[in-house]
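1. Return atomic coordinates for the entry below.
(one chain, ligands or ions: 1)
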Amino acid sequence: MARKKIALIGAGNIGGTLAHLAALKGLGDIVLFDVVEGVPQGKALDLSQCGPVEGFDATITGTNDYADIAGADVIIVTAGVARKPGMSRDDLLGINLKVMKAVGEGIKANAPDAFVICITNPLDAMVWALREFSGLPHNKVVGMAGVLDSARFSHFLADEFKVSVKDVNSFVLGGHGDTMVPVLEYSTVSGIPVTDLIEMGMSTKERVDAIVKRTRGGGGEIVGLLKTGSAFYAPATSGIAMAEAYLYDQKRVLPCAAYLSGEYGVDDLYVGVPVVIGAGGVEKIVEVKLGAEAKANLQVSVDAVKELLVACKGIDETL
Ligand code: TXD
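-> Numbers count the residues shown, from 1 in each chain. From the prediction side, this is the model:
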């Protein structure tokens, strides 16, 4: 069987980490694309030289030409500008919208059968725009945010409850921003909801509320510490988990920014919800029952995403 082809659009911090992980995991041959000349080529050469040590055979190529992504099975998009301290995700809107246009057109012309995972911020608007510009079916274009947000939530919860992170399964809905909605009733330690764990005296409502707040600001906390960029290790790991679910037809239930057409009362919008990812791309949107508080919070989040889209449409009249 021929090796799969993984194209990474954007060879920055996340792009390079994605390439490293994809090579180590043997997902397939890798093409790193960037507009900056030399960077994807240099990173590809450096990463290729891991091969003899790690024992992987994948070819890793760097390019500035979209023709080289032809026939890609999976494309992960991180192209754009990352947040600097003091800059909100929404400030990135204008710059990254133009980037999505170029990337979408490159994908449309060269790899229209790929499963496309968008990571570029502001995520929920960029994935919507990328889908529009690429013209791919909605189930083949998805945004990565929820896997990362729930990983952050799980990490903090495991720390709080002093249990293995393997036993924590947390649930985050909504847009990737300060309005994201961590849902306590569906976040569990080995099946025991966090709300029950609070009742059992394992933590307090105040402490868990502080964890929810820290999760919502999880990206900003890292930007504030790094000062020269944003998080990249966990975002890359999260993107790879989604790629694996598709490549290996795992039918994983993952929180992703998926296109909604009526689900959760939302229409023509990408919002973070649990979905099944398998060989068919986004095979199913999982519509869970929500309590009044989560419902209201989701609405706030949906409204924030809607506002972003209105701004996008204002910037680019072709949308
Ligand atoms: O959860 C999430 N979705 C995120 C999103 C978590 C963390 C970071 N998130 C966003 O990912 C972040 O706000 C950025 O928008 C992207 C990529 O983050 P990264 O840290 O990798 O940014 P870099 O290191 O600046 O890399 C971006 C690369 C850089 O090499 C640019 O030269 C390139 O993108 N770039 C382009 N590549 C291709 N085509 C075009 N037009 C282009 N413009 C810039």
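2. Can you name the residues that contact the residue nearest the centre of the chain?
-> The residue lying closest to the centre of the chain (CA atoms, centre = their mean) is residue 144, at 1.4 Å. Contact analysis of residue 144 by CB atoms under 8 Å, 6 or more residues apart in numbering lists 76, 117-119, 123, 235, 238-239, 242, 256-257. C-beta: built from backbone N, CA, C; applies to glycine.
3. change it to 7 Å
-> Contact analysis of residue 144 by CB atoms under 7 Å, 6 or more residues apart in numbering lists 117, 119, 238-239, 242, 256.
4. just residue 125 next, same as before
-> Counted by CB under 7 Å, 6+ apart, residue 125 has contacts 93, 305, 308-309, 312.
5. how about the residues of the stretch 201-319 of the chain near the ligand?
-> 219, 229-232, 235 (CB under 6 Å from any ligand atom).
6. Which residue comes closest to whichever residue of the chain sits closest to the ligand once chain neighbours are left out?
-> Among the residues of the chain, residue 12 lies nearest to the ligand; the distance is 1.8 Å by CB to the nearest ligand atom. Setting aside the residues directly before and after it, residue 12 is nearest to residue 78 in space (CB to CB, 6 or more residues apart in numbering), at 6.3 Å.
7. how deep is the one you found tucked in, by neighbour count?
-> Residue 78: 28 surrounding residues under other CB atoms under 10 Å.
8. Buried residues in the longest helix along the chain, which are they?
-> Of all segments of type helix in the chain, defined using DSSP state H, the longest is helix 292-315. In terms of neighbour count (16 or more other CB atoms under 10 Å), helix 292-315 has its buried residues at 294, 297-299, 301-302, 304-306, 308-309, 312.
9. Which residues does the longest strand seen in the chain contact?
-> The strand spanning the most residues in the chain, taking DSSP state E as the definition, is strand 267-278. Residues from elsewhere that reach strand 267-278 (CB under 7 Å, 6+ apart): 124, 127-128, 143, 145-146, 172-176, 180, 242, 245-246, 249-261, 263-264, 282-286, 288, 302, 305-306, 309.
10. List the buried residues of the one helix or strand residue 214 maps to.
-> Secondary structure assigned from DSSP states H and E places residue 214 in helix 205-216. Using 16+ other CB under 10 Å as the test for burial, helix 205-216 gives 208, 211-212, 215-216.
11. Buried residues in the next helix-or-strand element following it, which are they?
-> Remark: after helix 205-216, the chain's next helix or strand is helix 218-226, criterion DSSP H and E. Residues of helix 218-226 classed as buried: 218-220, 222-223 (neighbour count, 16+ other CB under 10 Å).
12. Greatest separation within the residues you listed: which pair is it?
-> 218 and 223 (9.9 Å; CB to CB).
13. just to revisit the earlier point, any idea which of the buried residues of helix 292-315 is closest to residue 62?
-> residue 312 (30.2 Å).
14. Distance-wise, check that closest one relative to residue 138.
-> With distances defined as CB to CB, to the nearest Å, the gap from residue 312 to residue 138 amounts to 17 Å.
15. Can you say which of the contacts of strand 267-278 are buried?
-> So, of the contacts of strand 267-278, 124, 127-128, 143, 145-146, 172-176, 180, 242, 245-246, 250, 252, 254-260, 263-264, 282, 284-285, 302, 305-306, 309 end up buried under the neighbour-count rule (16+ other CB under 10 Å).
16. Count the neighbours of residue 262 for me.
-> 10.
17. re the thing from before, reformat the buried residues of helix 292-315 as TSV; add distance to residue 68 and pLDDT.
-> Shown next, in TSV, are the buried residues of helix 292-315 (distance: CB to CB, whole Å; pLDDT from 0 to 100):
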residue	distance to residue 68	pLDDT
294	44	89
297	43	91
298	40	92
299	43	94
301	37	91
302	38	93
304	37	91
305	33	91
306	36	93
308	32	90
309	31	92
312	28	91
